[in-house]
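Enquirer: can't give you the sequence, but here's the structure:
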């Protein structure tokens, strides 16, 4: 059993990154032995039959122009954030794509199998390119093929996916199936999706209908991983809400996006249902709710922030972690890459 997931290394890491992806990665790492046993793996050793591969998708990041130094800083900061949040480089394989050239090689091989019609159906390209499709980079169009290469290289059996990534995993399976069929081989494993038990969708503190994002011009729209305790509490108290009291059940939050977002954040942080949070604060206003939410956020994020701030100043240590992970990843990827070359009759 092998779980694989990647995240783009972007600056200004925020609460949405942590609750939406990183915390689930930590949970999967910790639950891997149990997951492997449930799947019938008898020896879930960290270096053998069951393991988690987590990578920083810096090669995906080049679809948008970014300066050299900023990209390097973002990769190191994301590595620091993952370790600070609980990813253990000894139990999981943590690396960035660019340190493993097999990703680029496999993506090019799979470009011969993927079909333009398949890529034309990818909704994320349409969303990101907008009306300027002719001006979008080729990389933005074909990056789902690189995503497929990321997964198929490692014979990943399971991939955590959210609603916006299901289509890309289906494309990955289509590419794997066509390659195996075209060349009469069984090179690639068809990965299955993992739907996280808690798939948190954290929205902006200024607009409950928009996702929390680093690109929002207002810093008050998000809780940054680097925010101190006072900044976190201030942002929560200034978060957009409404004048109504909190209902007894989550059903009463319908049509109240800002209220639903704040209650959802509290539920996710405390491991409760939104119904349970509503029941606790029923009949109370946000003047009472926001300080309680702020306290939970401060206590949750403080140890992560402190460790992150310490780690991000040690570039040598971060590079050592990524080098170690890349060596393990490259060793795991090589047999699959070699088999793909051989199946296609490409002599290396």
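Expert: Structure received. These numbers come from a predicted model, not from an experiment.

Enquirer: which stretches of the stretch 101-250 of the chain form strands?
Expert: Along the stretch 101-250 of the chain, counting by DSSP state E, counting those that start in this stretch, strands occupy 158-160, 192-194.

Enquirer: residues near residue 79, how many?
Expert: Residue 79: 26 surrounding residues under other Cβ atoms under 10 Å. For the C-beta atoms, the positions are set from N, CA and C on the backbone; glycine is no exception.

Enquirer: Please identify the helix or strand for it.
Expert: For residue 79, the host element (DSSP states H and E) is helix 68-85.

Enquirer: Which positions in that helix come out as buried?
Expert: Buried residues in helix 68-85, counting neighbours by 16 or more other Cβ atoms under 10 Å, are found at 71, 74-85.

Enquirer: again, but for stretch 10-30
Expert: Applying 16+ other Cβ under 10 Å to stretch 10-30 flags 10, 12-26, 28-29 as buried.

Enquirer: Stretch 151-160 too?
Expert: Applying a neighbour-count criterion of 16+ other Cβ under 10 Å, one finds 151-160 buried in stretch 151-160.

Enquirer: Residue 181: which of those residues is nearest?
Expert: Closest to residue 181 out of the buried residues of stretch 151-160 is residue 152 (14.3 Å), distances taken as Cβ to Cβ.

Enquirer: how much space between that closest one and residue 73?
Expert: Applying Cβ to Cβ, to the nearest Å, the value for residue 152 to residue 73 is 30 Å.

Enquirer: before we move on, what about residue 213?
Expert: For residue 213 relative to residue 73 (Cβ to Cβ), the value is 19 Å.

Enquirer: cool, and residue 324?
Expert: 20 Å.

Enquirer: Of the buried residues of stretch 10-30, which belong to strands?
Expert: The members of the buried residues of stretch 10-30 all map outside strands under DSSP state E.

Enquirer: so residue 26 sits right up against residue 85, yeah?
Expert: Yes. Contact criterion Cβ atoms under 8 Å: residue 26 and residue 85 qualify, at 5.9 Å.

Enquirer: Please name the nearest non-neighbouring residue to residue 237.
Expert: Counting by Cβ to Cβ, 6 or more residues apart in numbering, residue 237 lies nearest to residue 290, which is 5.2 Å off, once chain neighbours are set aside.

Enquirer: what about the one you found, neighbour count?
Expert: Residues contacting residue 290 under the criterion other Cβ under 10 Å number 19.

Enquirer: In this structure it contacts residue 263, no?
Expert: No. If you go by Cβ under 8 Å, residue 290 and residue 263 don't touch, sitting 11.1 Å apart.

Enquirer: Any regions of the stretch 1-150 of the chain where pLDDT drops low?
Expert: 35-50 (pLDDT under 70).

Enquirer: let's see 80
Expert: For the stretch 1-150 of the chain, applying pLDDT under 80 flags the ranges 11-12, 33-50, 124, 129-131.

Enquirer: how about the helices in it?
Expert: Along the stretch 1-150 of the chain, counting by DSSP state H, counting those that start in this stretch, helices occupy 15-17, 23-38, 68-85, 102-111, 116-120, 123-129, 138-152.

Enquirer: Going by contacts, tell me the helices and strands next to the last one.
Expert: Spelled out, that is helix 138-152. strand 2-7, helix 102-111, helix 116-120, helix 123-129, helix 166-183 (3 or more Cβ pairs under 8 Å, 6 or more residues apart in numbering; DSSP states H and E).

Enquirer: Repeat the analysis, applying 7 Å as the threshold.
Expert: On a contact count with 3 or more Cβ pairs under 7 Å, 6 or more residues apart in numbering; DSSP states H and E, helix 138-152 meets helix 102-111, helix 116-120, helix 123-129, helix 166-183.

Enquirer: List the contacts of the residue in the chain sticking out farthest from the centre.
Expert: What lies farthest from the middle of the chain is residue 283; by Cα atoms, centre = their mean that is 36.3 Å. Taking Cβ atoms under 7 Å, 6 or more residues apart in numbering, we find residue 283 in contact with residue 245.

Enquirer: quick one: secondary structure of it?
Expert: Three-state call for residue 283 (DSSP: H, G, I helix; E, B strand; the rest coil): coil.

Enquirer: so how far is residue 104 from it?
Expert: Look at residue 283 and residue 104: by Cβ to Cβ, they are 58 Å apart.

Enquirer: Over to residue 218?
Expert: Counting by Cβ to Cβ, the gap from residue 218 to residue 104 is 37 Å.

Enquirer: any idea of the mean pLDDT in stretch 152-162?
Expert: Average pLDDT, stretch 152-162: 92.

Enquirer: Just the pLDDT for residue 166.
Expert: 84.

Enquirer: need the contact list for the closest residue in space to it that isn't next to it in sequence.
Expert: Closest residue in space to residue 166, ignoring its immediate chain neighbours: residue 193 at 6.8 Å, by Cβ to Cβ, 6+ apart. Residues near residue 193 by Cβ under 7 Å, 6+ apart: 159, 161, 166, 169.
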